[in-house]
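>>> Using only what follows, build the 3D model:
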Amino acid sequence: MRQFDLCVIGSGPAGQKAAIQAAKLGKRVCVIEQREEVGGATINTGTIPSKALREAILRTLDRASAMPTAALFTAAREFTFDKLMDSCRQVMNAEIEIVRRHFVSNRIELVTGRARFTDPATIEVNSAHGQETIRAERFIIAVGTTPTKPDDIPFDPTNIVTSDELLKLPTLPHSLMVVGGGVIGTEYASMLAALGVKVTLIEGRARLLDFIDAEIAEALQYHLRQAGVTLRLGEKVVSIRAVEAAPGARAKDNMMAEATLESGKTLRADCLLYAIGRHGATENLNLAAAGLTADNRGRIKVDETFRTSVESIYACGDVIGFPALASTSMEQGRIAACRAFGQRCESVEELLPYGIYAIPEISMVGWTEERLTQENIPYESGVAQYKEIARGQLLGDEIGMLKLLIHQESHAILGVHIIGTGATELVHIGQCAMAFKATVEYFVNAVFNYPTLAECYKVAALNGLNKLKGV
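Model (predicted):
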């Protein structure tokens, strides 16, 4: 039996940062990871492989964000997922090596195997190599999530898949149904449509991504349709099954996926991606032995310090629910480790940026127009179109847009919303300005390199101020 000051369960973003922070505090730390490779879902099945796939697709099509042409469709069809994933695997392997190096340099011990509590201070680790018992003064649960897989859906490796299996397809499907218009569903729908796959995206709500600005969501929906995606909004799926393909269909193994909608419609495609929800990976932790419980989605409840109902056990990352982003998980891991050992730390929690790596890219920080209206906060918007910016012309991006939301009285920046090339990078300028309470006049008076997309801030600021002045 080995003894540690901190035992972290899970080596994803939250677990990594928690372990490293505790090590920096001089604590003896171990990380338990059930996979043979570190990095959790983020590096192995989620964020990194999906974003690497996106970059591989954009390189294949030799463009940054423009809609694909017929010639590009033809070129893209010659590629298999395996060829595209080759470059993805290089990125994944590099990220895995970086995590391992950080663990070694910080003297963090990595234990491979499945963790199971036997009491609040003891973990039993089982692996193909044997069994080990670990005791620790503190624990941080950072096991992340897995795709939700309802029992009534007959998942298989080829026709009916989750985001985990999608990346393992040997060839591109000719047609794809995506059930769920959240971040994962929207990203994959746009990526595969860019490769010429016939995509149908089914979403029960009236629009995609209802947490983002409505104008940006409408722009995304327009561009998805332009890319050939069929949007079935306000439609609910009542059953999914695999059926024999019709004569002449290009289905692999002569099977297709069939979805029946509440409206009575029946849709078919070579492959169906089920992308509704994720479930906390807590099922095998034996939480009851530690005095803990999870909700019906496998999530663990924590307080503002990320402490669970058991004083010595903390939880962070996707396993605690919203916002379930890699970026926020990293910060939660750092804070949890500090607070577990009585160290003071601060975070700018109200300014969380969101990034959606669809084609085109989307990012936001702060308030949306809908929320400002609901809260009766007087505001004005300032807009800059990429096609008005020299850098936008150089990139060939004529669809991009940056919008600032400005308080009518104080001129404070209330929100930044972007769609187009580099949106997830560009948003941090606005995030920083908001953190330091800058007014819109800052962007009017600032000098930006020319030509850059950052100029959008100045153009949007001027546009917003002109509206406020009525000119």
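>>> contacts, neighbours, all on C-alpha from now
Will do.
>>> Is the closest residue to Pro353 other than its chain neighbours in a helix, a strand, or coil?
Nearest non-adjacent residue to Pro353, counting by CA to CA, 6 or more residues apart in numbering: Val365, 4.6 Å away. Here Val365 is strand, with the state taken from DSSP: H, G, I helix; E, B strand; the rest coil.
>>> what residues are up against Val447?
If a contact means CA atoms under 8 Å, 6 or more residues apart in numbering, then Val447 has no contacts.
>>> And it, how far from Glu262?
To Glu262, Val447 is 54 Å away according to CA to CA, to the nearest Å.
>>> circling back to that earlier point, pull up the per-residue confidence for the residue nearest to Pro353.
Here the pLDDT value assigned to Val365 is 97.
>>> What residues are bridge-paired with it?
Beta-bridge pairing for Val365 (DSSP bridges): Val416.
>>> hang on, isn't it packed against Ile413?
No - here Val365 does not reach Ile413: they are 10.4 Å apart, not a contact under CA atoms under 8 Å.
>>> Would you map the helices across the stretch 251-400 of the chain?
In the stretch 251-400 of the chain, the segments counted as helices under DSSP state H, counting those that start in this stretch are 287-290, 326-340, 369-374, 390-395.
>>> what's the closest of these to Glu361?
helix 390-395 (14.0 Å; CA to CA).
>>> hmm, back to that, pick the most buried one from the helices of the stretch 251-400 of the chain.
helix 326-340 (a mean of 23; mean count of other CA atoms under 10 Å).
>>> Remind me what that helix packs against, helices and strands.
Contacts defined by 3 or more CA pairs under 8 Å, 6 or more residues apart in numbering; DSSP states H and E place helix 326-340 against helix 13-24, strand 130-141, strand 313-315.
>>> Check the offset of that helix from the chain's centre.
17 Å (CA atoms, centre = their mean, to the nearest Å).
>>> and if you look at stretch 281-290?
Distance of stretch 281-290 from the chain centroid (CA atoms, centre = their mean) equals 25 Å.
>>> end-to-end on it?
Its start and end residues considered, stretch 281-290 measures 16 Å (CA to CA).
>>> tell me the mean pLDDT over that stretch?
96.
>>> Need the contact partners of that stretch.
Contact with stretch 281-290 is made by 115-121, 143-146, 293-294, 298-299, 310, 319, as judged by CA under 8 Å, 6+ apart.
>>> circling back: tally up the residues packed near the residue nearest to Pro353, please.
22 (other CA atoms under 10 Å).
>>> quick one: Leu231 from Gln221, how far?
8 Å.
>>> go on, Arg28?
Separation of Arg28 from Gln221 (CA to CA) stands at 50 Å.
>>> can you check Gly415 too?
Per CA to CA, Gly415 is found 21 Å from Gln221.
>>> In terms of neighbours, single out the busier of those two.
Per other CA under 10 Å, whichever of Gly415 and Gln221 has more neighbours is Gly415, with 24 against 19.
>>> Number of residues surrounding the residue nearest to the more buried one when sequence neighbours are not counted?
Distances taken as CA to CA, 6+ apart place Gly366 nearest to Gly415, at 4.2 Å, with adjacent residues excluded. Gly366: 19 surrounding residues under other CA under 10 Å.
>>> And Leu404, by the same measure?
Leu404 has 27 nearby residues by other CA under 10 Å.
>>> what phi and what psi does the backbone show at it?
Phi and psi for Leu404, reported as degrees, to the nearest 10, are phi -100, psi 140.
>>> was I right about it contacting Gln385?
No - the pair Leu404 / Gln385 is not scored as a contact, 11.8 Å apart, by CA under 8 Å.
>>> Helices of the stretch 51-200 of the chain, start to end?
Using DSSP H, counting those that start in this stretch, helices in the stretch 51-200 of the chain cover 70-77, 81-105, 163-166, 183-194.
>>> Quick check: mean pLDDT of the last one?
Going back to what we said before, that points to helix 183-194. Predicted confidence along helix 183-194 averages 95 (mean pLDDT).
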